[in-house]
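Asker: I would like the atomic coordinates for the input below:
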Amino acid sequence: MKNKHRQQLPLVTYDSKVDVLYIATKKGAEEEFIEVVPGVQVELNRKREVIGIEILSASRFLKSVLKPLEERVKVA
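Answerer: Numbering: from 1, shown residues only. This is a model prediction of the structure:
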């Protein structure tokens, strides 16, 4: 039996040059995307299934999410 390296999903990648965080949830080609909030896009395949989530300006977005969590940890 051949040993195949399979990629596990979700796959998370970050491109610091353009400050984009991408979460792949399913393999496939993007047909369209929906911007759910400014800077957060959900990518859909031909069947309108979610195949990925893209967060633009990720460092700024994540900073606002992580700061309250860090404060909670300091209090606990």
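Asker: Report the separation between the residue lying closest to Leu62 once chain neighbours are set aside and Arg46.
Answerer: Distances taken as CB to CB, 6 or more residues apart in numbering put Leu21 closest to Leu62, at 7.3 Å, once the chain neighbours are dropped. Every C-beta, even on glycine, is put in place using the N, C-alpha and C of the backbone. For Leu21, the distance to Arg46 equals 24 Å [CB to CB, to the nearest Å].
Asker: Can you list the low-confidence ranges for the chain?
Answerer: In the predicted model, the chain carries pLDDT under 70 at residues 1-9, 65-76.
Asker: Contact partners for the residue nearest to the spatial centre of it?
Answerer: Taking CA atoms, centre = their mean, the centroid of the chain lies closest to Ile23, which sits 2.8 Å from it. Shown in contact with Ile23 (CB atoms under 8 Å, 6 or more residues apart in numbering): Pro10, Leu11, Val12, Gly52, Ile53, Glu54, Ile55.
Asker: From the structure, what's the count of residues near the fourth one?
Answerer: For Gly52, the tally of surrounding residues (other CB atoms under 10 Å) stands at 21.
Asker: That one bridge partners, please.
Answerer: Gly52 has these beta-bridge partners by DSSP bridges: Ala24, Glu43.
Asker: would you put the C-alpha positions of the one helix or strand Gln41 maps to in PDB?
Answerer: Applying DSSP states H and E as the criterion places Gln41 in strand 40-44. Extracted in PDB, the C-alpha atoms of strand 40-44 (Å, rounded to 0.1, in the frame of the first residue of the first chain):
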ATOM      1  CA  VAL A  40     -14.300  38.900   5.900                       C
ATOM      2  CA  GLN A  41     -15.200  36.900   2.800                       C
ATOM      3  CA  VAL A  42     -16.800  33.500   2.600                       C
ATOM      4  CA  GLU A  43     -15.800  31.600  -0.600                       C
ATOM      5  CA  LEU A  44     -18.300  29.300  -2.200                       C
END
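Asker: So which elements touch that strand?
Answerer: Contacts defined by 3 or more CB pairs under 8 Å, 6 or more residues apart in numbering; DSSP states H and E place strand 40-44 against strand 32-37, strand 50-56.
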